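**Q** Output the structure for:
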Amino acid sequence: MKQVEERYISLLTDFGFKRIFGTAMNKDLLICFLNSLFNGRQVVKDVSYLNPEHVGDVYTDRKAISDVYCEGESGEKFIVEMQNAYQTYFKDRSLFYSTFPIREQASKGSEWDFKLNHVYTVALLNFYMNEDAFDKEKIHHHVQLCDTATHKIFYDKLEFIYVEIAKFNKSLDELETLYDKWLYALKNLYKLTQRPKELCDKVFYRLFEEAEIAKFTPQELREYEASKMAYRDIKNSIDTAKQEGLAEGMEKGMNQKALDIARNMLADGVDINLIMKYSGLTQEQIEKLK
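**A** Numbering: from 1, shown residues only. The predicted structure is shown next:
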């Protein structure tokens with residue numbers, strides 16, 4: 001089997017992300033990342049990992065699978081996932097995922113008063129979301145239910161945090177906060193050959209130790225290679241789609257320009273043969289414009 005060229009795993013892969021953030025032995029790394037994300041607004045002291053696969057009810061018969069699903073000391077639920085490709089109904093998917101931790105809290109007894117614990121959905125996006133509701137200049141977006149007139153929070157126990165890590169372009173010497181450092185690691189860990197001095201915090205020593213590929217078992221190495229291949233396939237598909245979309249858009253624009261030229265020439269009574277010459281359209285296409 002061909003050996004990987006990098007020294008450290010990519011946290012953008014399914015294997016890499018779950019190894020660092022989705023295993024009990026590394027929960028200190030997840031806790032540190034979440035606390036840097038919340039920046040004091042919510043303090044996570046400990047987490048217990050839960051089954052990330054939730055089976056849907058008989059009506060949907062679907063499964064919602066998140067990368068990391070855990071519970072805090074006070075019963076709050078955290079869904080944390082890495083998303084490498086845009087999906088048409090991504091917002092719907094985020095909402096759908098959040099319903100499972102909500103419904104799991106329903107007491108089976110008859111005396112339940114509907115009191116719920118907090119549910120956080122954290123989506124790390126390795127693409128530009130291009131959401132109209134978001135500030136395009138920012139990469140961190142915090143979504144809650146609020147009154148549209150007063151903009152005051154209506155319900156504070158359901159939160160969605162979207163982080164467009166694809167937009168994060170700070171260099172090592174520009175990193176200011178612990179959150180900056182985590183975003184840098186998320187995006188660039190696999191490119192590094194050694195731990196830089198800017199990531200000297202104790203938690204990053206743990207990160208680099210756990211992410212070193214040379215320490216993998218043969219089975220872990222096979223799993224990582226498979227995960228990396230899947231990630232590359234996704235990125236290649238996206239790049240191809242973008243190129244084809246650009247070509248298609250240019251073609252559509254040129255066709256529209258030709259139609260506009262032909263339509264104007266028809267209005268001026270220009271001979272159809274001249275219209276064909278200057279617009280590049282066929283006689284049939286021009287006849288349809290009449």
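**Q** in the stretch 151-290 of the chain, which ranges drop under the pLDDT threshold?
**A** 237-258, 261, 268, 270-271, 273-280 (pLDDT under 70).
**Q** Strands of that one, start to end?
**A** Listed in chain order, the strands of the stretch 151-290 of the chain (DSSP state E, counting those that start in this stretch) span 153-164.
**Q** Helices of the chain, start to end?
**A** 14-21, 27-38, 90-103, 178-188, 202-211, 218-267, 272-279, 283-287 (DSSP state H).
**Q** can you put these in JSON lines and add distance to Pro52?
**A** Quick note: C-beta positions are derived from backbone N, CA and C, even for glycine. Listed next are those as JSON lines, based on distance: least, CB to CB, whole Å:
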{"stretch": "helix 14-21", "distance to Pro52": "9"}
{"stretch": "helix 27-38", "distance to Pro52": "13"}
{"stretch": "helix 90-103", "distance to Pro52": "10"}
{"stretch": "helix 178-188", "distance to Pro52": "19"}
{"stretch": "helix 202-211", "distance to Pro52": "19"}
{"stretch": "helix 218-267", "distance to Pro52": "16"}
{"stretch": "helix 272-279", "distance to Pro52": "57"}
{"stretch": "helix 283-287", "distance to Pro52": "54"}
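**Q** May I see these organised as JSON lines, with mean neighbour count and distance to Ala123 added?
**A** What follows is the helices of the chain, written out as JSON lines (neighbours: other CB atoms under 10 Å; distance: least, CB to CB, whole Å):
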{"stretch": "helix 14-21", "mean neighbour count": "22", "distance to Ala123": "12"}
{"stretch": "helix 27-38", "mean neighbour count": "20", "distance to Ala123": "11"}
{"stretch": "helix 90-103", "mean neighbour count": "17", "distance to Ala123": "6"}
{"stretch": "helix 178-188", "mean neighbour count": "21", "distance to Ala123": "13"}
{"stretch": "helix 202-211", "mean neighbour count": "17", "distance to Ala123": "21"}
{"stretch": "helix 218-267", "mean neighbour count": "13", "distance to Ala123": "16"}
{"stretch": "helix 272-279", "mean neighbour count": "15", "distance to Ala123": "47"}
{"stretch": "helix 283-287", "mean neighbour count": "13", "distance to Ala123": "46"}
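**Q** nearest to Val143, of those?
**A** Val143 sits nearest to helix 90-103 of all the helices of the chain, at 8.9 Å, using CB to CB.
**Q** other SSEs contacting the closest one?
**A** strand 63-65, strand 77-83, strand 119-125, strand 153-164 (3 or more CB pairs under 8 Å, 6 or more residues apart in numbering; DSSP states H and E).
**Q** Let's have these in CSV, adding distance to Lys18 and mean neighbour count.
**A** Shown next, in CSV, are those (distance: least, CB to CB, whole Å; neighbours: other CB atoms under 10 Å):
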stretch, distance to Lys18, mean neighbour count
strand 63-65, 11, 14
strand 77-83, 9, 22
strand 119-125, 13, 22
strand 153-164, 18, 17
